[in-house]
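Enquirer: Sequence and predicted structure below; questions after.
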Amino acid sequence: MQQDKKNNIIIKQNISFPLIIFIMGPTASGKTSLVIALKKRKLKIKIISVDSALVYKGMNIGTSKPSVSELEIAPHKLIDIRDPSDCYSVSDFYCDVIVEIKKIIKSGYVPVLVGGSMLYFKVLLQGLLILPKSDEVIRNNLKCIAQKIGWMNVYRKLQYIDPDVSRAIHYNDHKRIIRALEIFLISGKTLTELKSKYRSATCFTSQNRILQFAIMPSSREILHNRIERRFYKMLEIGFENEVRVLFSRSDLHNDKSKAAISCVGYRQMWEYLLGKIEYNDMIYQSISATKRVAKQQLTWLRSWSDLYWVNSDCISCAVDEVLLILSQQIY
């Protein structure tokens with residue numbers, strides 16, 4: 001890394017040991033503002049969205065998707081790549097993002113992955129464990145057995161078959177109990193065995209230099225105020241109409257097509273349009289749910305290692321801090 005005559009940082013990609021930058025943070029922490037400000041510094045970077053909601057077309061306001069003008073400055077990969085009726089799994093993301101990362105590195109640019117879908121980042125750091133696809137017949141059989149002998153006895157079977165996994169699953173977590181037993185019945189191997197045989201070859205951390213940044217305002221109160229103001233702004237600029245367009249589609253009322261509609265804010269507005277909750281309750285529940293998501297994201301981040309925390313109260317200051325860390329850590 002070096003500086004040009006205008007004192008801009010110049011990042012040169014090392015093809016043999018590529019640099020990848022993660023910019024993570026809770027919702028409303030200022031991630032988009034930061035990455036756009038970085039792009040304005042003329043860094044040789046290309047941006048990839050790491051957000052399970054931004055993949056969906058026609059869901060712009062409620063997801064706080066970067067605006068058209070922002071995307072002109074800083075184009076994002078993996079935005080608007082799915083219809084709301086489609087499911088988008090962690091596996092789908094992993095396959096898509098690896099392709100995009102390789103393209104960016106090959107072009108000599110540095111990939112900057114920005115978003116708040118922490119599970120997606122975790123998969124990139126730890127690799128993707130490919131498990132057998134669900135079998136509806138086996139699942140239904142297990143549920144029938146549970147009805148006959150009781151869930152506690154089914155849980156005891158899991159304790160006998162896979163004691164390590166059973167210790168990580170609560171006996172009332174029927175969904176995970178079923179899944180663990182289903183994996184064993186399909187593959188003949190326990191989840192513990194599959195994890196132990198899993199190789200880090202699918203994980204690219206050993207082949208790339210990864211710098212991880214987490215941005216967060218100086219206090220939770222500031223973050224919560226941002227969340228509240230942002231949601232009211234969404235309502236002002238047409239969030240209800242955006243959801244009404246989705247609501248008019250019969251295919252999105254199918255249980256199998258609700259991955260997009262389950263996004264925070266959309267779910268509550270959907271309930272309002274169904275007449276299940278009042279308008280003010282929709283607002284309260286949407287804001288409360290968003291704050292819970294932010295709390296969960298922060299919990300994930302606090303368990304992360306090798307992470308640089310950046311204060312986002314002042315975006316220009318945050319940019320300077322990120323660039324300083326880059327200058328100190330890359331060379």
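Expert: Everything's here; your move. Note that the structure is predicted; figures quoted are calculated from it, not measured.
Enquirer: could I have the longest helix along the chain exported to CSV, CA atoms only?
Expert: When the chain is parsed with DSSP state H, its longest helix is helix 279-302. This file holds the C-alpha atoms of helix 279-302, laid out as CSV (Å, rounded to 0.1, in the frame of the first residue of the first chain):
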residue,chain,number,x,y,z
TYR,A,279,-50.9,0.2,12.2
ASN,A,280,-49.3,1.5,15.4
ASP,A,281,-48.7,-2.0,16.6
MET,A,282,-47.0,-2.7,13.2
ILE,A,283,-44.6,0.2,13.8
TYR,A,284,-43.8,-0.8,17.4
GLN,A,285,-43.3,-4.4,16.5
SER,A,286,-41.1,-3.6,13.5
ILE,A,287,-38.8,-1.3,15.5
SER,A,288,-38.7,-3.7,18.4
ALA,A,289,-37.8,-6.6,16.1
THR,A,290,-35.1,-4.6,14.4
LYS,A,291,-33.5,-3.8,17.8
ARG,A,292,-33.5,-7.5,18.6
VAL,A,293,-31.8,-8.2,15.3
ALA,A,294,-29.2,-5.6,16.1
LYS,A,295,-28.6,-7.2,19.5
GLN,A,296,-28.1,-10.6,18.0
GLN,A,297,-25.7,-9.2,15.4
LEU,A,298,-23.6,-7.6,18.2
THR,A,299,-23.6,-10.8,20.1
TRP,A,300,-22.2,-12.6,17.1
LEU,A,301,-19.5,-9.9,16.6
ARG,A,302,-18.4,-9.9,20.3
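Enquirer: So what touches the next helix or strand after that helix?
Expert: Next helix or strand after helix 279-302 toward the C-terminus (DSSP states H and E): strand 307-311. Outside of strand 307-311, the residues that reach it under the criterion Cβ atoms under 8 Å, 6 or more residues apart in numbering are 34, 211-218, 301, 317-318, 321-322, 325. (C-beta placed from N, C-alpha, C; glycine too.)
Enquirer: how far off helix 279-302 does strand 307-311 point, in degrees?
Expert: 140 degrees (axes from the mean of the first three to the mean of the last three Cα atoms, to 10 degrees).
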